[in-house]
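Q: model this:
(one chain, ligands or ions: 1)
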Amino acid sequence: MWGGRFAAGPDEVMAAINVSIGFDRRMAKQDLEGSLAHVRMLEAKGLISAADSSAIQSGLGTIESEIREGRFPFREAYEDIHMNVEARLAELIGAAAGRLHTARSRNDQVATDFRLWVRDEIDAGVVQLDALIRALLDKAEAHAADVMPGFTHMQSAQPVTFGHHCLAYAEMFGRDRGRLLDARKRLNESPLGAAALAGTSFPIDRHATAKALGFDQPMRNSLDAVSARDFALEYLAAAAILAMHLSRLAEEIVVWSTPQFGFVRLSDRFSTGSSIMPQKKNPDAAELVRAKTGRVFGALIGLLTVMKGLSLAYAKDMQEDKETVFSAADTLALSLAAMAGMVGDMTIDAQRMHAAASAGFATATDLADWLVRTLNIPFRDAHHITGRLVKLAEGRGVDLTGLTLHDMQSVEPRITNDVFGVLTVDASVASRTSFGGTAPANVKREVAAWRARLAQS
Ligand code: ARG
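A: Predicted structure coming up:
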């Protein structure tokens, strides 16, 4: 492509370090879309003849079907996807192919392709997130009133409903969804026509190509257009946070599905056995979702490092922007699919969760609150009285409901029989109706609100 100035071809090592067709071929579809928009604009502006334009367009159409049918000859000799397409176009239609690159450079071309590619991944990611959120809503609805232990420090703290726990993840994934869509808004401007770095002397119409490619507008500065990669970084940052959220749910599934917890059972479709221990059913998918987070974090740090300290405008460093983004996107797609499948399939052992929730004096806070509410005792004193009652019960080997009224009154004489109404875990969760609280009534209302929100978007 630059033979005019060069007497010799590249050294083998030079070719090996320079070549990107091995990975940027994944942007073939976007490259063809960009070229099609560009050539139509060149024709509309009278920059190439109608005959050349239609030859180029039909050649691009042939290439599109060659790629779709796996017949396209991807060749390392042509370095990257842009030159592979152009070289093939020349083979197919001859000299007119050379007019496609008028008023364009690979610098704005690659920036355009990559934006389109990341945009497609964002859209696909949002669809997958919706499916995962819906799977969580189904579980939340079915188990709105099923009580489980809520933990702090991984120690039983207060009873919560399983539905409320599921909805916590719906909230997290909902914000991830928002982050992706927010990144999409800033991403959605067209670099095409910025050319190498300075714009072009041809009277092109960047608004037309932007519109044809579904961008909101052309980028306003040619230097920025060819050297900005923050769109990919924002995608990776959103992806990294999402992967972190996935890993937290994965970890809970690993814990919940142990025989010791036994809160959930994974389906055979999403677990594996052991080759030596016949009794085992392992949550491999959850463990892998937890582990694959590292790839996504790595991609973010990797690209930040590639971009750090790069002066304007394009530098070949930027060719290193793609592989890790591709890998992060693949990882995310697989992890989201696995998580949606696991959540959709898993069955909940409501009895075991209820029994676990009832152990460990989980309603101690309810008792303290009762002392405050009914006897007007300051919370700090109520906390102290409750602590003594817990100690008493512990000594007897019973839980709080196992104490008699007489026992209770030995610590605080004003306690009445009424207190036993707040000591069950079901009463505890039912009472937590404050906004955002765990009560079954709240869970049902939030599920409905989520469904309405998802139906709108
Ligand atoms: N393969 C290159 C990349 O991915 C395309 C842009 C090359 N531009 C250049 N001036 N060498 O970044």
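Q: what values do phi and psi take at residue 148?
A: The phi and psi torsions at residue 148 (degrees, to the nearest 10) take the values phi -130, psi 160.
Q: where are the low-confidence patches of this structure?
A: 1-3 (pLDDT under 70).
Q: just want the most central residue of it.
A: Taking C-alpha atoms, centre = their mean, the centroid of the chain lies closest to residue 242, which sits 3.9 Å from it.
Q: so residue 60 makes contact with residue 36?
A: Yes - contact criterion C-beta atoms under 8 Å: residue 60 and residue 36 qualify, at 5.8 Å. The way it works is simple: take the backbone N, C-alpha and C, and place the C-beta from them, glycine included.
Q: and these two? Which one has more around it.
A: residue 60 (22 against 19; other C-beta atoms under 10 Å).
Q: spell out which helix or strand contains that one, please.
A: helix 50-68 (DSSP states H and E).
Q: quick one on the thing from earlier: hmm, the residue nearest to the centre of the chain is touching residue 175, no?
A: No - with contact defined as C-beta under 8 Å, residue 242 does not reach residue 175; the gap is 9.1 Å.
Q: return the residues in contact with residue 260.
A: With contact set as C-beta atoms under 8 Å, 6 or more residues apart in numbering, residue 260 has no partners.
Q: next, count neighbours for the residue of the stretch 301-450 of the chain found nearest the ligand.
A: Per C-beta to the nearest ligand atom, residue 319 is where the stretch 301-450 of the chain lies closest to the ligand, at 3.7 Å. For residue 319, the neighbour count with other C-beta under 10 Å is 19.
Q: which residue, other than its chain neighbours, is closest to it?
A: Spatially, and ignoring its direct neighbours in sequence, residue 319 is nearest to residue 20 (5.3 Å; C-beta to C-beta, 6 or more residues apart in numbering).
Q: and that neighbour, how far from residue 157?
A: 52 Å (C-beta to C-beta, to the nearest Å).
Q: show me the contacts for the residue in the stretch 351-457 of the chain positioned nearest to the ligand.
A: With C-beta to the nearest ligand atom as the measure, residue 457 is the residue of the stretch 351-457 of the chain nearest to the ligand, at 33.8 Å. Listed by C-beta under 8 Å, 6+ apart, residue 457 has no contact partners.
Q: if we can go back for a sec, which strands or helices does the helix holding residue 60 pack on?
A: Packing partners of helix 50-68 (3 or more C-beta pairs under 8 Å, 6 or more residues apart in numbering; DSSP states H and E): helix 28-44, helix 81-93.
Q: which stretch among the ones you listed comes nearest the ligand?
A: Per C-beta to the nearest ligand atom, nearest to the ligand of these: helix 81-93, 6.1 Å.
Q: quick check: buried residues in that closest one?
A: Within helix 81-93, the residues that count as buried by 16 or more other C-beta atoms under 10 Å are 81, 82, 83, 84, 85, 86, 87, 88, 89, 92, 93.
Q: just put these in JSON lines and tack on distance to the ligand.
A: Listed next are these as JSON lines, based on distance: C-beta to the nearest ligand atom, whole Å:
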{"residue": "81", "distance to the ligand": "8"}
{"residue": "82", "distance to the ligand": "6"}
{"residue": "83", "distance to the ligand": "8"}
{"residue": "84", "distance to the ligand": "10"}
{"residue": "85", "distance to the ligand": "12"}
{"residue": "86", "distance to the ligand": "12"}
{"residue": "87", "distance to the ligand": "14"}
{"residue": "88", "distance to the ligand": "16"}
{"residue": "89", "distance to the ligand": "17"}
{"residue": "92", "distance to the ligand": "22"}
{"residue": "93", "distance to the ligand": "23"}
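Q: so how many other residues sit close to residue 329?
A: Residue 329: 23 neighbours (other C-beta under 10 Å).
Q: and it, what element?
A: helix 322-345.
Q: hmm, back to that, for residue 388, state which of the buried residues of helix 81-93 is nearest.
A: residue 81 (73.4 Å; C-beta to C-beta).
Q: quick check: phi and psi at the nearest residue to the closest one once chain neighbours are set aside.
A: Once flanking residues are discounted, residue 81 sits nearest to residue 24: 4.5 Å by C-beta to C-beta, 6+ apart. In terms of degrees, to the nearest 10, the main-chain angles of residue 24 are phi -80, psi 0.
Q: hmm, back to that, got the contact list for the residue nearest to the centre of the chain?
A: 125, 129, 173, 176, 179, 180, 296, 332.
Q: show me what the helix holding residue 329 packs onto, helices and strands only.
A: Counting by 3+ C-beta pairs under 8 Å, 6+ apart, helix 322-345 packs on helix 21-24, helix 106-142, helix 230-256, helix 284-307.
Q: report the angle between that helix and helix 106-142.
A: Helix 322-345 runs at 10 degrees relative to helix 106-142, counting by axes from the mean of the first three to the mean of the last three C-alpha atoms, to 10 degrees.
Q: right, and the helix or strand after helix 322-345?
A: strand 347-348.
Q: tell me what that following strand is packed against?
A: Using 3+ C-beta pairs under 8 Å, 6+ apart, strand 347-348 is in contact with strand 264-265.
Q: partners of the strand it packs on, with directions?
A: Sheet neighbours of strand 264-265, with direction, are listed as strand 347-348 (antiparallel) (DSSP bridges).
Q: please state the offset of the partner strand from the chain centre?
A: Strand 347-348 sits 25 Å away from the centroid of its parent chain (C-alpha atoms, centre = their mean, to the nearest Å).
Q: and the helix or strand that it is followed by, what's buried?
A: Downstream of strand 347-348, the next assigned helix or strand under DSSP H and E is helix 350-358. Of the residues in helix 350-358, 350, 353, 354, 356, 357, 358 count as buried by neighbour count, 16+ other C-beta under 10 Å.
Q: still on that earlier bit, and the helix holding residue 329 with helix 230-256, angle?
A: The directions of helix 322-345 and helix 230-256 differ by 40 degrees, with the same axes, to 10 degrees as the criterion.
Q: renumber starting at 542 from here on
A: All set: I'll call the first residue 542, so the last point we hit is now helix 863-886.
Q: helix, strand, or coil at residue 691?
A: Three-state call for residue 691 (DSSP: H, G, I helix; E, B strand; the rest coil): strand.
Q: quickly list what it is bridged to.
A: Those that pair with residue 691 in a beta bridge, by DSSP bridges, are residue 699.
Q: now the helices for the stretch 892-998 of the chain?
A: Assigned by DSSP state H, counting those that start in this stretch, the helices in the stretch 892-998 of the chain fall at 905-916, 920-937, 946-952, 966-972, 981-997.
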